[in-house]
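> Take a look and give me a structure for this.
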Amino acid sequence: MSLILIAEDEEAMLEIFAQVVEDLGHRALRAHNGEEALLLARTERPDLVVSDHMMPRRTGVELLRALRADARLETVPFLLLSAANPKGLEEADVFLSKPVELETFEETVRKVLGSRPAAEPRNEVVPGGSRVDRSSGTVREEMLNWVAHEIKTPLSSARLNAQLLLRKQGKKSTSDEKRFTETILRQLDRMNTLVTSILDAARLSEGKLALRLEPGDVAAFLQEVVQEWRELQPQVDFLLKGPEQRVELSFDAERVRYILNNLISNAVKYGGEARRVEVTLSLSPGLAIVQVRDWGVGIAASELPNVFDRFHRAEVAGGQGHGLGLYIAGALARLHGGSLTAQSTLGEGSTFSLRLPLSR
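Numbering: from 1, shown residues only. Predicted coordinates:
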């Protein structure tokens with residue numbers, strides 16, 4: 001049995017994280033703010049600290065740095081949770097974005113407790129006495145983080161409770177009870193997607209969204225994405241074409257996955273009776289080109305110039321979507337030094353082309 005310190009100012013989230021930890025067979029220490037968490041850690045050394053970021057009296061990152069500055073606590077593994085991407089998140093051993101999947105949280109706790117934390121002391125990225133930049137850009141970023149926290153925290157709590165309910169229902173529940181719970185989870189996911197899209201769109205317009213570029217094989221990455229869709233939508237025929245050899249790019253995997261998921265989701269949604277989506281990877285001088293094609297309702301020529309505008313929804317969408325998906329996808333493509341374009345004929349389908357620069 002391990003001792004896990006949980007720091008979370010939202011009572012509902014604190015209790016559900018503690019319940020999950022105790023169900024895993026560990027002892028949970030509860031702290032309602034960063035200062036209380038630091039005091040508890042100094043009183044009884046934990047085997048793992050799980051902490052939200054936006055808390056009173058010390059943020060999660062401030063708590064982490066205080067622990068790292070204590071010789072007795074500097075090697076305690078630290079799991080940081082946040083609805084936003086706070087500065088200093090890379091200092092934590094593990095970072096999970098809210099809302100957190102129940103199984104992901106459980107597996108992360110198991111993995112961290114099963115690994116050996118590094119014994120070397122860590123250097124603080126930001127000196128504790130540095131002055132805070134109160135520029136308008138920083139204030140807006142703080143406001144975005146606050147919005148993310150205030151909306152995503154209750155979303156995360158509701159989602160974890162629904163997942164626990166679904167797990168406890170098991171075989172004893174009726175088909176209706178299970179269906180209702182799954183519907184709740186789907187609607188919470190839609191709310192989370194909307195909030196994330198609004199925040200991403202705001203950060204993009206402010207120039208605050210930064211990429212985490214890493215070298216990788218986009219051909220293998222594309223196979224992984226398409227396979228996930230095959231498992232998610234078995235009734236749809238996903239055809240993947242392209243080179244089998246490695247195609248090296250420097251890209252942000254999470255953001256490129258967002259682009260591809262958006263394009264494939266639209267192809268499935270508006271693909272009509274064909275139930276077929278074709279994903280093609282090809283090479284052009286200095287570029288890798290990923291095309292996503294469907295044979296569905298298509299887009300009118302008059303609407304094509306506007307499909308990447310914020311809040312634009314094509315008439316064929318029938319009111320579906322929030323009008324931010326393609327705007328964000330196009331902006332992310334440009335951040336990579338590439339582009340996203342669309343070709344379509346009404347009634348015959350659409351092809352979206354993502355162009356990304358090859359590694360030199």
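
> any idea where the strands of the stretch 151-300 of the chain begin and end?
214-217, 237-241, 248-251, 276-284, 287-294 (DSSP state E, counting those that start in this stretch).

> check contacts around the nearest residue to Glu10 once chain neighbours are set aside.
Closest residue in space to Glu10, ignoring its immediate chain neighbours: Thr153 at 5.2 Å, by CB to CB, 6 or more residues apart in numbering. Backbone N, C-alpha and C define where each C-beta goes, glycine included. Contacts for Thr153 (CB atoms under 8 Å, 6 or more residues apart in numbering) come out as Glu10, Met13, Asp52, Ala83, Lys98.

> Next, give phi and psi for the first one.
Recorded main-chain torsions at Glu10 are phi -90, psi 120, according to degrees, to the nearest 10.

> hmm, back to that, least confident pick among the contacts of Thr153?
Ranked by pLDDT, the contacts of Thr153 bottom out at Ala83, which has 77.

> could you point out where this structure is predicted with low confidence?
115-150, 171-173, 190, 193-194, 197-198, 201-203, 205-208, 310-323, 360 (pLDDT under 70).

> That one: helices as residue ranges?
Remark: helices assigned in the chain by DSSP state H are 11-23, 34-43, 60-68, 102-114, 136-169, 175-206, 218-232, 253-269, 325-335.

> State the separation between the last one and the centre of the chain it belongs to.
It stands for helix 325-335. Distance of helix 325-335 from its chain centroid, counting by CA atoms, centre = their mean, to the nearest Å, is 16 Å.

> end-to-end on stretch 243-263?
Start-to-end span of stretch 243-263 (CA to CA, to the nearest Å) is 20 Å.

> So for that stretch, what gets flagged as buried?
Neighbour-count burial for stretch 243-263 flags 247, 249-253, 255-256, 258-263 (criterion: 16 or more other CB atoms under 10 Å).

> Please name the nearest non-neighbouring residue to Glu182.
Leu166 (7.0 Å).

> now Leu38
In space, Leu38 is closest to Ala66, 5.3 Å off (CB to CB, 6+ apart).

> got it, and Arg110?
Using CB to CB, 6+ apart, the nearest residue to Arg110 is Leu24, at 7.2 Å.

> Hmm, the one you found is touching Val109, no?
Yes. Under the criterion of CB atoms under 8 Å, Leu24 makes contact with Val109 at 6.3 Å.

> between the two, which one's more packed in?
More crowded of Leu24 and Val109, by other CB atoms under 10 Å: Val109, with 22 against 16.

> quick one on the thing from earlier: OK, contacts around the residue nearest to Glu182?
Contacts of Leu166 (CB under 8 Å, 6+ apart): Lys178, Thr181, Glu182, Leu185.

> what's the distance between the closest residue to Ala333 other than its chain neighbours and Asp200?
Excluding its sequence neighbours, the residue lying closest to Ala333 (CB to CB, 6+ apart) is Leu340, at 4.1 Å. Distance of Leu340 to Asp200, given as CB to CB, to the nearest Å: 15 Å.

> JSON lines for the helices of the chain, including distance to Val279?
Below are the helices of the chain laid out as JSON lines (distance: least, CB to CB, whole Å):
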{"stretch": "helix 11-23", "distance to Val279": "37"}
{"stretch": "helix 34-43", "distance to Val279": "46"}
{"stretch": "helix 60-68", "distance to Val279": "39"}
{"stretch": "helix 102-114", "distance to Val279": "26"}
{"stretch": "helix 136-169", "distance to Val279": "30"}
{"stretch": "helix 175-206", "distance to Val279": "21"}
{"stretch": "helix 218-232", "distance to Val279": "6"}
{"stretch": "helix 253-269", "distance to Val279": "7"}
{"stretch": "helix 325-335", "distance to Val279": "15"}
